[in-house]
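> Below is the structure, and that's it, no one-letter string:
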């Protein structure tokens, strides 16, 4: 995943059409939301396992 973020950084620096930035902005937002949701599920499961 780190490689993909680095590659995206280089691609965004090249100067593309606005649609490219919009699509990748949406993909980044969805990726972050999924990570937060899965992290919350993991923390809840971990806390229930400790009780």
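The structure has been received and is ready for your questions. Computed from a predicted structure; not experimentally measured. Numbers count the residues shown, from 1 in each chain.

> burial of residue 20, as a residue count?
13 (other Cβ atoms under 10 Å). (C-beta placed from N, C-alpha, C; glycine too.)

> can you give me how far the helix or strand encompassing it is from the chain middle?
Assigned by DSSP states H and E, residue 20 belongs to helix 18-50. Relative to its chain's centre, helix 18-50 lies at 6 Å (Cα atoms, centre = their mean, to the nearest Å).

> so for that helix, what's the average pLDDT?
Mean pLDDT, helix 18-50: 90.

> Run through the neighbouring helices and strands of that helix.
Packed against helix 18-50 by the contact rule (3 or more Cβ pairs under 8 Å, 6 or more residues apart in numbering; DSSP states H and E) you find helix 2-13.

> tell me the mean pLDDT for the helix it packs on?
Averaging pLDDT along helix 2-13 gives 80.

> tilt between it and helix 18-50?
Our comparison of helix 2-13 with helix 18-50, counting by axes from the mean of the first three to the mean of the last three Cα atoms, to 10 degrees, yields an angle of 150 degrees.

> gap between helix 2-13 and the chain center?
Mean-position distance between helix 2-13 and its chain equals 12 Å (Cα atoms, centre = their mean).

> Point out the other helices and strands that it packs with.
Contact analysis of helix 2-13 by 3+ Cβ pairs under 8 Å, 6+ apart lists helix 18-50 as its packing neighbours.

> For residue 3, see how far away the residue most central in space within the chain is.
By Cα atoms, centre = their mean, the chain has its centre lying nearest to residue 31, at 2.8 Å. Applying Cβ to Cβ, to the nearest Å, the value for residue 31 to residue 3 is 14 Å.
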